[in-house]
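1. Got a predicted model here, sequence first, then my questions.
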Amino acid sequence: MKSNNSSLPSNTTSLDFRCQAIERQDVMLHHYALIPAVVIILILSFLHGHKIRAGRFIGLPRPGPVVPMHQLDGCVDRVFYGLAFAAIANDVIAVFARVIGDIHSVFEFQVPSYVKAIFVLFIALEATVVFYPVLACLTTPWKLIGGAMGLVYSTLLLAKTIYTLSECPSSEFGEIFPYANVVIYLPSVVCLVLLTVKYAIQCGQQAYMRSCTKRQQERPLVARDHEICYVKNLFLNKYRKDEKLGIVQRKLYHWRDDFKFSTKMVITMVLCGFFLYVMSILMVISVQLLKVLADTLKPFIESSPINYLAYNTLNILSIIWSLALVISLILSIVWLCLTMKNHRHHLLKMYLGKKDHIPKFAVNQTSADIMTNSLKYSGYQIAYCLWGYILQQLLLLFVLILFYALIVLPLQSGNWNVILALLQIVLAPMVLGFLLYFIQVRIVGRFILDDKIYNTDLDKPLYTKNRPMYENFSFLMMMWNMMLGALSCLLRIVMTAGIGVILLPRLDRPVFMRGFEKFDRGYKAYVGLLLVEHIHLHPIVRCFAHLVMDDIYMTKSSISKDNLLLSNDNLMLKKKTWKRVQMKWLLAYTLLNNSKLIHDRKHTVNNVNEVKIQLESISAQIV
């Protein structure tokens, strides 16, 4: 037994050294991955070609711009874009943490701070280029080549991640939370697997289509199915107002078949959920650390009352923190759902021309400011969501500790004097304020307001029938209302701070009051996103453009078909001429054998009728 116990530290030390070696190897692989990433980007660029400046470049077509994703063009593959971001998020964070942590070993001599900042920017640019092909292979119109390169690249990333997790499944907190790295990297692995399957299916579909059918010109598709459905519902005046929805659908979120969120919104929400998951795992590790500290003090609780107090405090703090963690996580998920619901509601109102929810400062902004604010939305939403999650936990932790100290602990010890004193301090002003308010309402409704005009009215008119009593009652209640105003002011400060912390992730609502929304940078980013998506994703405009493009496509296809007939269809023309001659010969043969049919022919009857009409007009003029 002693040998086994003595071998544990050596095993842990060897595991730590192996994990450090794996981490350094992972960073080097990240640097070397820059080579295939640049090669894939160049291949896609040459395949895409330059549409404006056509020509040759070193014997090859002039390279064109490569697009990583379509944020302002519908919602094609929006889920897989979100999966791609979630798949690479962990690696980006890990590389940043390791490189920034070893930044002092990179520079052997003392360098200024701005040089380190520029170095970090270069690391960010390198990470962007390394993970660029994961998105670009989804977006490229060359689906077969892009799918093949994306399949190879995502498979290599998946193999690297699985190898790293198999060699180093636990972090430095392995004794507290076993397989912590596996749990943290599990969403990334799942996303990489789904992305690899997507690329494999894409390659298979493109290969099958090329082998079974002839390659045809693709028909332009500007409007999506949900946008066409929205326009149909608009013409039919069908807006789901008569539907009976449940509480969850009415208050939280209700799916509609005539609306789909943009790619930018889906990516943002997926990353928010991913980072909430990672942050929750880290918080769970922290709670487990408190429990381990409490367990270390358990053998010494009988020796000293201070140890007993510390043991109980750590146990209670771990329970309270766990409860705050669960509540804040539920709140964050609810806020994300409500943000998506309000985003859809605001866009649908703007589609109908209603912009009353847009503040005045956004109308006076330039187009460059609006577009810049829209670019900030994704980063701001993720950062606000994480900070809100942390601050909500701290606020709930403070509230729950107060509740335990002032309510639960006195109840457990049987000390009712603390509870009674608390009730006197808190409930007495509340009861007094409620009574004063109730008395004022009753007196005003009974003696000051005028009577109802009609018996069917729901409320009395806002008009005084006893103005002297109003003046005296207002003067008498002024001092009382000053006392209530002082308590209300304190309550307003506390509620504003609490609601501001709880609603911090909600960028669809301004934190400041009306007229000061321009100082809320998160809300400005959300309004900019609304305006940009309203311009680029308006379903009526896209359906109109779809009809125009479809008409142009049909015109071009009909012209190409006519040219094809004229170029290589002389035989068809001869057949049509022979049929026309044959029909005329049969008609002549029939009329020669049946001369009475000549007067019943259509053009003969029309000619006779025209002659009759002319004769009648001439006779009328003579008369």
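-> Everything's here; your move.

2. only C-alpha atoms for contact and neighbour calcs from this point on.
-> Fine.

3. Pretty sure A127 sits against V92.
-> Yes - the criterion here is Cα atoms under 8 Å, and A127 meets it with V92 at 6.6 Å.

4. which one of these two has more residues nearby?
-> A127 (21 against 18; other Cα atoms under 10 Å).

5. What backbone torsions are found at that one?
-> phi -60, psi -40 (degrees, to the nearest 10).

6. May I ask you to name the longest helix in this protein?
-> Secondary structure of the chain per DSSP state H: the longest helix is helix 305-351.

7. Show me what that helix packs onto, helices and strands only.
-> Applying 3 or more Cα pairs under 8 Å, 6 or more residues apart in numbering; DSSP states H and E, we find helix 305-351 packed against helix 263-297, helix 377-403, helix 521-536.

8. CA atoms only for whichever helix or strand comes after that helix - export them in CSV, please.
-> Sequence order places helix 360-363 as the next helix or strand after helix 305-351, per DSSP states H and E. Extracted in CSV, the C-alpha atoms of helix 360-363 (Å, rounded to 0.1, in the frame of the first residue of the first chain):
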residue,chain,number,x,y,z
LYS,A,360,-33.7,58.8,-32.8
PHE,A,361,-29.9,58.7,-32.6
ALA,A,362,-29.8,55.8,-35.0
VAL,A,363,-31.8,57.8,-37.7
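
9. neighbouring contacts of helix 360-363?
-> I370, K518, K524, V527, G528 (Cα atoms under 8 Å, 6 or more residues apart in numbering).

10. And stretch 345-353, by the same measure?
-> Against stretch 345-353 from outside (Cα under 8 Å, 6+ apart): K355, H357, L530, H534, H538, P539.

11. Report the separation between the closest residue to H538 other than its chain neighbours and L507.
-> The shortest distance from H538 to any non-neighbouring residue, by Cα to Cα, 6 or more residues apart in numbering, is to Y351 (6.4 Å). Counting by Cα to Cα, to the nearest Å, the separation of Y351 from L507 is 21 Å.

12. More neighbours: which of these two?
-> Taking other Cα under 10 Å, Y351 and L507 do not tie; L507 has more neighbours (25 against 17).

13. Surely the more buried one is in contact with D520?
-> No - using Cα under 8 Å, L507 is not in contact with D520, being 9.1 Å away.

14. before we move on, the earlier item: wait, which of the contacts of stretch 345-353 is closest to T366?
-> Nearest to T366, judged by Cα to Cα, of the contacts of stretch 345-353 is L530 at 14.8 Å.

15. Give me the contacts around the helix or strand harbouring H226.
-> H226 is part of helix 225-236, with elements assigned from DSSP H and E. With Cα under 8 Å, 6+ apart as the test, helix 225-236 has contacts from Y239, D257, D258, F259, K260, P539, I540, R542, C543.

16. At which residues are the strands of this structure located?
-> 56-57, 60-61 (DSSP state E).

17. Can you flag the weakest of the ones you listed by average pLDDT?
-> The minimum mean pLDDT among the strands of the chain belongs to strand 56-57 (a mean of 52).

18. rewinding a little: most neighbours per residue, which of the helices and strands packed on helix 305-351?
-> helix 521-536 (a mean of 21; mean count of other Cα atoms under 10 Å).

19. CA atoms only for that one, dumped as CSV, please.
-> Extracted C-alpha coordinates of helix 521-536, given in CSV (Å, rounded to 0.1, in the frame of the first residue of the first chain):
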residue,chain,number,x,y,z
ARG,A,521,-22.7,50.7,-26.9
GLY,A,522,-24.2,47.3,-26.8
TYR,A,523,-27.7,48.6,-27.7
LYS,A,524,-26.1,50.7,-30.5
ALA,A,525,-24.6,47.5,-31.9
TYR,A,526,-27.9,45.7,-31.8
VAL,A,527,-29.7,48.6,-33.5
GLY,A,528,-27.0,48.7,-36.2
LEU,A,529,-27.6,45.0,-36.8
LEU,A,530,-31.3,45.5,-37.2
LEU,A,531,-30.9,48.3,-39.7
VAL,A,532,-28.3,46.3,-41.8
GLU,A,533,-30.4,43.1,-41.8
HIS,A,534,-33.5,45.1,-42.7
ILE,A,535,-31.8,46.5,-45.8
HIS,A,536,-30.2,43.2,-46.9
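
20. thinking again about what came up before, in CSV: the contacts of helix 360-363, plus pLDDT and distance to W335.
-> Listed next are the contacts of helix 360-363 as CSV, based on pLDDT from 0 to 100; distance: Cα to Cα, whole Å:
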residue, pLDDT, distance to W335
I370, 89, 25
K518, 85, 22
K524, 91, 18
V527, 91, 17
G528, 91, 20
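
21. Many thanks, have a good one.
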